[in-house]
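Q: I need the structure of the sequence given here:
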Amino acid sequence: MNIIYDLFGDIFYQFIDPRKRIFICYLLASLLIAFLWLFFNRKLSVKKSIIKIFNPHIFFSKSSKSDYKIFFINQVIMFLISPMLITQLTIATFLFYYFHSISWLNAGMFLGTQVFIVAIIFTTVNFILDDFSKYIVHRLMHKWHILWALHKVHHSATTLTPMTVFRTHPLEGVLFSLRSAITQAITISSFVFLFGNSVDLVTVLGANIFVFLFNIFGSNLRHSHIGIRYWKWLEYILISPAQHQIHHSISREHHDKNFGSAFAIWDWIFGSFHHSEDTDNLTLGIEKNPSNFTHNLSNLYLKPFLEIYKIIIKKSFKLKNYFQKKNM
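A: Next comes the predicted model:
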């Protein structure tokens, strides 16, 4: 009984924890931003703006219904397996002691630095490094066939809502959990080693101030049908909602574009940048005519395993042929 109580507590906590993407205040802020965009920029009336935001064809589509189910199922899965995953503290402890073995590094090299300066630098580096690691892993998800077999679950969405961010295969969820643990551990261990125990985050409601600002200014609109576009110069720095919606487009010119989470600068530097466009007529998903099984839960959870199996068999066959020819 306690396990069930803890599980539902974890699920409910997603909506009241400011460190979570779907914190209720972030969702409400996104609704307000969407309304202001439609009313002032698109010149829609109050009524039409509200109708567009709460379009039932979006929120009650087959795709969105699958998102809601996957959110719940994945929360159960992660609740059960998370105690078995390697933790941030484990990695950070290992790295902290490893730094002591590096001859040109000394523990507490910057111990005298003022606390508020350490906090500002740590908070900034923490956010930037975390965002960059998201870009790298996301790009690999598209480039490596085995990872793409998993990531296709997310891209199979044919409508976008804030809950689509949870439309991931559990194995992808594990990979991103490890990414987060490793990235945070690197930042924490290196700063504690160099600056001592005075390291702390600059926070708002317990969340990294940059995470708070990213979320309060409409991060949830990236997975939505409201195609908010930024000024062109700003889209070189920050990913607009419309830029991420383009990332979900099936159009060939949009393939492998805009991998960034908060910053667009990584896409700009590494050649995957694409400016926003009008998203009203975008076709989303991974194929032009999705099958009836596209949003089927058994298909979304089991098909990736079959695809990975086929990829491994194919690669093994090629390797076998290569070594046979080499030994002839």
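Q: all contacts plus neighbour counts: C-alpha atoms, from now on.
A: Will do.
Q: so what secondary structure elements neighbour the helix or strand residue 177 falls within?
A: Element membership of residue 177 [criterion: DSSP states H and E] is helix 170-195. Applying 3 or more Cα pairs under 8 Å, 6 or more residues apart in numbering; DSSP states H and E, we find helix 170-195 packed against helix 62-81, helix 88-99, helix 115-143, helix 145-155.
Q: Would you format those as TSV with mean pLDDT and distance to residue 244 included?
A: Converted to TSV, these look like this (pLDDT from 0 to 100; distance: least, Cα to Cα, whole Å):
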stretch	mean pLDDT	distance to residue 244
helix 62-81	93	17
helix 88-99	86	29
helix 115-143	96	12
helix 145-155	96	12
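Q: which of these is buried the deepest?
A: The highest average neighbour count among the helices and strands packed on helix 170-195, using mean count of other Cα atoms under 10 Å, belongs to helix 145-155 at a mean of 21.
Q: and for that helix, what are the contacting residues?
A: 140-142, 164-165, 167-169, 171-172, 248, 284-286, 300, 304-305, 307-308, 311 (Cα atoms under 8 Å, 6 or more residues apart in numbering).
Q: Name the spans of this protein whose pLDDT lies under the cut-off.
A: 1, 322, 326-328 (pLDDT under 70).
Q: hmm, 90 instead?
A: Scanning the chain for pLDDT under 90 picks out the ranges 1-14, 78-113, 196-201, 205-206, 280-281, 287-294, 314-328.
Q: ok, back up a step: let's see which of the contacts of helix 145-155 end up in helices.
A: Of the contacts of helix 145-155, the ones assigned to helices by DSSP state H are 140-142, 171-172, 300, 304-305, 307-308, 311.
Q: how about those in JSON lines, adding distance to residue 324?
A: JSON lines is the format used below for those (distance: Cα to Cα, whole Å):
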{"residue": "140", "distance to residue 324": "31"}
{"residue": "141", "distance to residue 324": "31"}
{"residue": "142", "distance to residue 324": "31"}
{"residue": "171", "distance to residue 324": "34"}
{"residue": "172", "distance to residue 324": "35"}
{"residue": "300", "distance to residue 324": "37"}
{"residue": "304", "distance to residue 324": "30"}
{"residue": "305", "distance to residue 324": "28"}
{"residue": "307", "distance to residue 324": "26"}
{"residue": "308", "distance to residue 324": "24"}
{"residue": "311", "distance to residue 324": "20"}
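Q: Give me the buried subset of those residues.
A: 140-142, 171-172, 300, 304, 307-308 (16 or more other Cα atoms under 10 Å).
Q: Could you tell me which residues within stretch 98-115 count as buried?
A: So for stretch 98-115, counting by 16+ other Cα under 10 Å, buried means 99, 107, 111.
Q: cool, and stretch 193-207?
A: Quick answer for stretch 193-207 (16+ other Cα under 10 Å): 193-196, 199-202, 207.
Q: give me the number of residues near the closest residue to residue 156 other than its chain neighbours?
A: Nearest residue to residue 156, sequence neighbours excluded (Cα to Cα, 6 or more residues apart in numbering): residue 285, at 4.6 Å. Residues lying near residue 285 (other Cα atoms under 10 Å) number 24.
Q: The one 3 residues further on now?
A: Residues contacting residue 288 under the criterion other Cα under 10 Å number 12.
Q: Within the helices and strands, which one has it?
A: Using DSSP H and E, residue 288 falls outside every helix and strand.
Q: Which residues are in contact with the closest residue to it other than its chain neighbours?
A: The shortest distance from residue 288 to any residue other than its chain neighbours is 6.9 Å, reached at residue 250 (Cα to Cα, 6+ apart). Going by Cα under 8 Å, 6+ apart, residue 250 touches 283-288.
Q: same thing with residue 183?
A: Applying Cα under 8 Å, 6+ apart, one finds that residue 183 lies in contact with 129-130, 133.
Q: Just the closest of the residues you listed to residue 292, please.
A: residue 133 (34.9 Å; Cα to Cα).
Q: was I right about that closest one contacting residue 181?
A: No: the criterion here is Cα atoms under 8 Å, and residue 133 misses it with residue 181 at 11.0 Å.
Q: Counting neighbours, what do you get for the closest residue to residue 96 other than its chain neighbours?
A: Using Cα to Cα, 6+ apart and skipping the chain neighbours, the partner closest in space to residue 96 is residue 189 (5.1 Å). Close neighbours of residue 189, defined as other Cα under 10 Å, add up to 24.
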